[in-house]
Each structure stands twice: as C-alpha cells, then as structure tokens.
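>>> Predicted model, plus sequence, below.
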Amino acid sequence: MEKTNRKVLVLIHAVLIVASVTMLVPFLWMILTAFKSNTEATSVDPFVIFPSVWRTDAFETMVEYFSFLTLYKNTLLLIFWRIFFAVITATMAGYAFGRLNFFGKNLMFSLVLIQMMVPAQVFIIPQYVMISSLKLTNTIAALVFPGVVTAFGTFLLRQSYMGLPRELEEAARLDGCNIGQSFLYVMAPLTRSSMVALGIFTAIFAYKDLMWPMIVNPNKDMMTLAPALAKLQGQFVTKYPELMAASLIAIIPMVVIYLIFQKQFIEGIATSGGKL
Amino acid sequence: MSHRAKSELAWGWFFILPTIVGLVVLNIYPIFSTIFQSFHRTGDFGMNNVWIGLDNYKKALVDPKIQQSIWNTLKYMISEVPLSIAISLVLAVLLNKKIVGRSAYRMIFFLPMVAAPAAIAMVWKWLYNTDYGLINNVFNIRVSWYSDPNISLYSIAVIGIWSIIGYNLVLFLAGLQEVPRDYYEAATIDGASSTSQFFNITLPLISPTIYFVFVTRIIGAMQVFDSIFLVMDRTNPALNKVQSLVYLFYKYSFEEGNKGAGATIVVILLLITLIITVLQNIGQKRWVHYN
C-alpha cells in the first residue's frame, strides 16, 4: 500500500512537472532571448540556449524607442476607471436585481442576459461610431467607454446578494434604515469578496484587451501596452532580442502584481466563475 | 401600493438606472445598429450609407474567404476547447490532492492569464520560428509551424490551449473542492479504483462546472482574434486557412473601412453563437447533473 502510494505520488509529480515546464518555457525563452545579441539569438550551429554575456542592449533600445511610462500610465488609467465604474454600477444594480421587487425588474434583467450572450464584436462598430462622432478618439475616456457598465459584474453581484440571509435586511429595517441605508451600511459591505473578484476580473480583461484600444487610440501617446506591442512587431520584425525585451517590460508589472496578490487573483477568478 | 412597495420601486430603479442606461447605449442599441448596418453598403468616408437589403449576406455566403473563415473558426473551436478542458481537468484532479508544491504548480499554470496576449503571441511566434526557433532546433526538425497551411491553425490552437489552461484549472479546482470528501472514502472502502472514482464520482459531481467552462470557452473560441492577428503576417501564405470570422470582421471594418461587410460578418457570428448555445442547452440535459 505504502509503496504504490509513493509510486502514484511520483507519477503525479512527474505529470505536474512536465506541465509546469511547458508553461514556463515560453517565459524563460523570452528572458533568455532578451539578454542575447541578435547574432546569438539567430545562431543555429551551435544553437545557443544561454547568452554568453547577459546584454541589456535590447532593453536600452526599447526603452529609448518607446515611452513605456506613458504606456503603463494609459494602461493603468484604463484599468482603474474600468474597475471604478464596474464595481459601483454592478454593486448597485446587483443589489436591486437580487434583493428588491419592483415593476420592470425581470424585463430589465433580460437586458443583462442579452449582453452576456451576444459576442462583444457585435457592439464594436456602433461604439466606435459614437466615440468618433463625439471626437473622443485618443482619450482615456474612449478606452474606458465600453466598460462603464458590466453585465457580467451585475450578474455576479446579484448572485452574491441572493446568497445573503433575509434576516439581515429585516433587522436593518427594524432599526429604521431605509432601503438605501441598508444597502450602503449592511448589505454592500458583505459582498466585498465578490467586488474584489469583479475588480480582478475587470483588471485582467482590460489589460489584455487588444482590439478596442487599437481602434480608438492609435495615437502613440494614448496607446495602451497591448496594441503598442502589436505595432512593435511590424517595426522590429527580425530583431528578436528587442521584441522579447519589450514583451518582458510589458508583462513584468502585471506578473509582479500577480505574484504578490496570487491568492486574491486565483480566488477572484474562482469566485467569478463559480458564481455563475 | 403599500409604502414598502413604492419605496422598493423607487430605490430599485434608482439602483439599476446607471447599468440600464449603459447597457442600452453600449449594447442594446448597438445590436440593432449593427444589424441595420449589415443591410447597407458603406459610402465614401463611412458616410452616405446605401440600403442594399440582403446583398451583403448574399455576397458573404458565396465569398470563399468568409466560407473558409467560418470553417476555420469552427475548426479552431473544436481543436482548442475539448483539449484545453481535458488537460486542465486532469491537472485539477491531480492538484486536488494534498501534495507538496500544490500552490506553486497552481501559480505556474495560471501565469499566462496575466501576460498580455501580444507578448504571448510574440514569444510563441519566436518559439515556432522555422530557422531559429527553439522547438525546431531542440527536436531537430524543420516544420513551418505558422506558415504551413495544413498545420498553422493547430499551432494557433496550441497557443490558445496553453493560454487558457490555468483559467480552466482554477475554476475546476473550485468545483472539485465542493465535492464531499466522504464520497471518496466510502468508495475506497467499497474497493473502487481511482479511475472508477473519477468517472463515477468526480465527473458527475463537477459536471455543472464543466458545463460552465465549456459554454464560456466555446463562446471565447468562436471569437478568436488576438493570436491570429499577432502571429499571422498579412503576407503569410497560410493566412487564408487560419483567419477567423472576427479577424475578417476587424479587417473589413477597420482596415478596409467597409463597415457594412464587417457588420454582416458579426451578425453571422451572432447567429452561429446562438445556434451553438441552443444546441448546448439541449445537450446539457443529458450529461449535466445538478443536485
């Protein structure tokens, strides 16, 4: 018994290690290439795994070429405002849909469901036409625009409110709270974990969003990280160390934040999925 | 109407108003606008659209590029979704045991989720490089991973699978934790092997999670764009065998400025998505167990 257990354990670790290596190799290769010279990166015979000298030339070229601070700033502003609006609007609407009874509720909730079922690309052309006719292209407002409300978040928060016990609200009512007060002081604080989950979810998706920022903010000063990287590829076609260095600079902040708040990230994703 | 009912009506509408206004402006109106647009030919500079009825659809359905892109999208979906779900499910089951390094493994698998897709695409393109790429040089082969029309779609699917495993895995782990431990204990006492426990306990009990992941992944895979846009150069000979519906949507609407044609493509995408959703909903009754 003991012996088979150990064998099984070794097997499990073997599978997990192979999988982990597969997940890590692209990142490691990104790092190794970024520190090579172009000659080293494209040497085949012999094929070079580790750079002979760890050069930072590629990083220097990229930092000079791109104002990464601007890109970070735009990306951060996009993430911040998306989270800000999503959490506020979804917390309010989620409460009303989950806890109150009023005329028109079901009809209005069907709008939320429709949004969730329709592919996002269906909205893009009209959204773009609105932004460009308001002369808002190349602004932070344009980046944030499609994310000021969130059907997904509303659904998530509604589920969270539905899970809270009735007695809480009744106690608040007996204490003389009106609906607004019992929402603000009693109910909303109890959905904090869902708000965090929604925040993380929103951050990841805003950070990874490529098509919308590429369409509305083509201006170099107003770009976010994702489209800037995409554009770079056309300009540094075969300069592999430069491309890898830029990729590294772009992903490191998010990866570091993830490593610090790992638990919240993973739990946030688990909650947001598990709730649906 | 009682005082309470009046108050719920007023507060209820007050709370949902921002969301409803937003949804109507950002989503509901655009659905109609996009459908409306698909019946038009885009005029010069995007102005003076001309009503042309079903012409865009007639053209789209005989356009070999669009036909091929529908097929590409479905093929991508079929290669990405089941494999990514199977792999992440196996990994989740292995990680659901008390083993050393559990959280380190989980952290590694989730890593691609926090990397910008452009960075992921660039490094994979580099790994796939025919002459200098790591894959070809390590295995001493010479495969044109993303420019051979026969395999490039699958190379793109591999990037998709690699990127999404961690996300699926986290959802599966959450689902697995809900399965009561004593079910397994009872089964072990009855002498059930771990394989039979997996098929008779684990799978049925987490089938709602699997269904959820399945539905969201199908929808996600139908909208594949980033990896194709970033890996496939405009001159790539395999592009025609890889480009997805959303890729063509982007190209027609924003690179060629033909919003009528772009709108038509997303309406087709919408219809396909609806059909698949209905089929899934019918199909789920056969295999998803809610307790």
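Cool, the structure landed.
>>> Domain-wise, how is chain A divided?
Using automatic domain parsing, the domain parsing of chain A gives A:2-55, A:61-274.
>>> Highest mean neighbour count across those domains, which stretch is it?
Of the domains of chain A, the one with the most neighbours on average (mean count of other C-beta atoms under 10 Å in any protein chain shown) is domain A:61-274, at a mean of 19. To be clear about C-beta, it is placed using only N, CA and C from the backbone, and glycine gets the same treatment.
>>> How far off centre is that one?
Distance of domain A:61-274 from the chain centroid (C-alpha atoms, centre = their mean, to the nearest Å) equals 7 Å.
>>> Return the mean pLDDT over that domain, rounded to an integer.
The average of the pLDDT scores along domain A:61-274 is 91.
>>> The host helix or strand of A:Val256 and chain B, are they touching?
Using DSSP states H and E, A:Val256 sits within helix A:240-260. Yes: residues of helix A:240-260 contacting chain B under C-beta under 8 Å from any C-beta of the partner chain: A:Tyr240, A:Leu243, A:Met244, A:Ser247, A:Leu248, A:Ala250, A:Ile251, A:Met254, A:Val255, A:Ile257, A:Tyr258, A:Leu259.
>>> if I read this right, the fourth one contacts A:Leu229, doesn't it?
Just to be clear, that refers to A:Ser247. Yes: proximity of A:Ser247 to A:Leu229 meets the contact threshold set by C-beta atoms under 8 Å, at 6.5 Å.
>>> Between these two, which contacts overlap?
With contacts taken as C-beta atoms under 8 Å, 6 or more residues apart in numbering or on different chains, the residues that reach both A:Ser247 and A:Leu229 are B:Ala116, B:Ala118, B:Ala119, B:Met122.
>>> which among those residues are in contact with chain A?
Restricting the shared contacts of A:Ser247 and A:Leu229 to those near chain A - C-beta under 8 Å from any C-beta - leaves B:Ala116, B:Ala118, B:Ala119, B:Met122.
>>> and those residues, which of them are in helices?
In this view, these that belong to helices under DSSP state H are B:Ala118, B:Ala119, B:Met122.
>>> Kindly reformat those residues as CSV containing distance to A:Phe152.
Formatted as CSV, these follow (distance: C-beta to C-beta, whole Å):
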residue, distance to A:Phe152
B:Ala118, 23
B:Ala119, 25
B:Met122, 29
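>>> In chain B, which residue is most central in space?
In chain B, the C-alpha nearest the mean C-alpha coordinate belongs to B:Gly220, at 1.7 Å (C-alpha atoms, centre = their mean).
>>> what's it in contact with, if anything?
So B:Gly220 contacts B:Ile164 (C-beta under 8 Å, 6+ apart).
>>> tell me which element it is part of?
B:Gly220 belongs to helix B:207-222, assigned by DSSP H and E.
>>> Which parts of the stretch 101-250 of chain A are helices?
Taking DSSP state H, counting those that start in this stretch, the helices of the stretch 101-250 of chain A run over residues A:105-117, A:121-133, A:140-144, A:151-162, A:166-174, A:179-181, A:192-208, A:211-216, A:225-235, A:240-260.
>>> Which phi and psi values does B:His40 adopt?
Here the main-chain torsion angles of B:His40 (degrees, to the nearest 10) amount to phi -120, psi 160.
>>> Just list whatever residues bridge to it.
Judged by DSSP bridges, the bridge partners of B:His40 are B:Trp51.
>>> That'll do, ta.
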